[in-house]
Every structure is written in C-alpha cells, then in structure tokens.
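Asker: Quick check, what structure comes out for this input:
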Amino acid sequence: MARNAEKAMTALARFRQAQLEEGKVKEQRPFLASECNELPNAEKWRQQITGEISKKVAQIQNAGLGDFRIRDLNDEINKLLREKGHWEVRIKELGGPDYARIGPKMLDHEGKEVPGNRGYKYFGAAKDLPGVRELFEKEPLPPPRKT
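Answerer: As a prediction, the model looks like this:
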C-alpha cells in the first residue's frame, strides 16, 4: 500500500522539479505587501486580489449557499479588501498611483458617499443573515418630549 504512495510522491516530485526548471510554476503573492519592492509586481498582486474579490462577491449573491458558507465568503471578502488596502499603500510608497483617492467610493442607497466605510462590510446574501438584518434597520427616533 505504501509503495504506490511512494511512487506517486516521487512522480509528483519529479513533475514539480521539471516545472520549476521550465519556469511554469506561478509566482506566489508575498504574504506581506512590504516584501514587494517592484511597482509592476505590486500592481499585478493588487489586480489579482481585485479579481478574487469580484469572484467571491459574485458567489455570495447566491442565497442558497447556507448561512455558514455565506459568512465564510463574507469574511474572506473583507480579508481580501483589507489586503488590497495594504497593496494600495505599498503601491503609493513605490511611486505609483494613489488608488485610495481615485478609486470608487462606497455609496449609500441615495447615491451619497458613506462617511464611515472603513469597517466590516456585508455583501450580497450576507445582508439578509439573521443578526445582520438588525444592523441595517434604523431604530425609530424616540418621540420628542414636550416640556
């Protein structure tokens, strides 16, 4: 039984080695944005993160995924948004454009810019989860007291 596993591992190891020699292995995104010292690479990693965010936002629109999967997707999207912000800061440090200033702004349903939009965000079906719905409902103002 172990013999087949050993064979597979050696074949996999040989295949991986051949890929490394040919240069076909994709370069992994650095864990920290500060580890990247070249502007084109930083732009590439930011663009890759933006693509991942858009895929996950499209997935989270499906309300039939289940609460746990929707919560996980929403957490992943927020994590990617935070990471994208780190890359935008790094791009600015390397002399690139300031995406925070020129990028799209977070707008409310009336089209006005939301003032405090730096925190945790909810996307798609995550807005309808129990516990989240209450966050979006505005509490009615107490009736004014007559003095």
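Asker: From here on, just use CA atoms for contacts and neighbour counts.
Answerer: OK.
Asker: in the helix ranked longest in the chain, what counts as buried?
Answerer: Here the longest helix in the chain is taken by residue count, with DSSP state H as the criterion, and it is helix 67-93. Neighbour counts over helix 67-93 (16 or more other CA atoms under 10 Å) mark 70-71, 73-78, 80-81, 83-85, 87-91 as buried.
Asker: wait, Ala42 sits on Leu32?
Answerer: No - applying CA atoms under 8 Å, one finds Ala42 not in contact with Leu32, separated by 10.9 Å.
Asker: Please identify which of those two sits among more neighbours.
Answerer: For Ala42 and Leu32, the more surrounded residue by other CA atoms under 10 Å is Ala42, and the numbers stand at 24 against 11.
Asker: a helix runs through the more buried one, doesn't it?
Answerer: Yes - Ala42: assigned to a helix according to DSSP: H, G, I helix; E, B strand; the rest coil.
Asker: Next one, pLDDT for Lys7 please.
Answerer: Each residue has a pLDDT score; the one for Lys7 is 67.
Asker: which other residues reach the lowest-mean-pLDDT helix or strand in the chain?
Answerer: In the chain, the helix or strand scored least confidently by mean pLDDT, DSSP states H and E is helix 133-136, which has a mean of 71. Applying CA atoms under 8 Å, 6 or more residues apart in numbering, the external contacts of helix 133-136 come out as Lys127.
Asker: before we move on, what about stretch 66-78?
Answerer: Counting by CA under 8 Å, 6+ apart, 53, 56-57, 60, 63, 120-123, 125-126, 129 sit against stretch 66-78.
Asker: where does this protein dip in pLDDT?
Answerer: Using pLDDT under 70 as the threshold, the predicted model of the chain has low-confidence ranges 1-2, 5, 7-8, 24-25, 103-118, 136-141.
Asker: can you pull out the helices in it?
Answerer: In chain order, the chain shows helices spanning 2-22, 39-60, 67-93, 99-102, 133-136, with DSSP H as the criterion.
Asker: Can you add distance to Arg145 and give those helices back as a markdown table?
Answerer: Formatted as a markdown table, these follow (distance: least, CA to CA, whole Å):
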| stretch | distance to Arg145 |
| --- | --- |
| helix 2-22 | 75 |
| helix 39-60 | 44 |
| helix 67-93 | 41 |
| helix 99-102 | 44 |
| helix 133-136 | 26 |
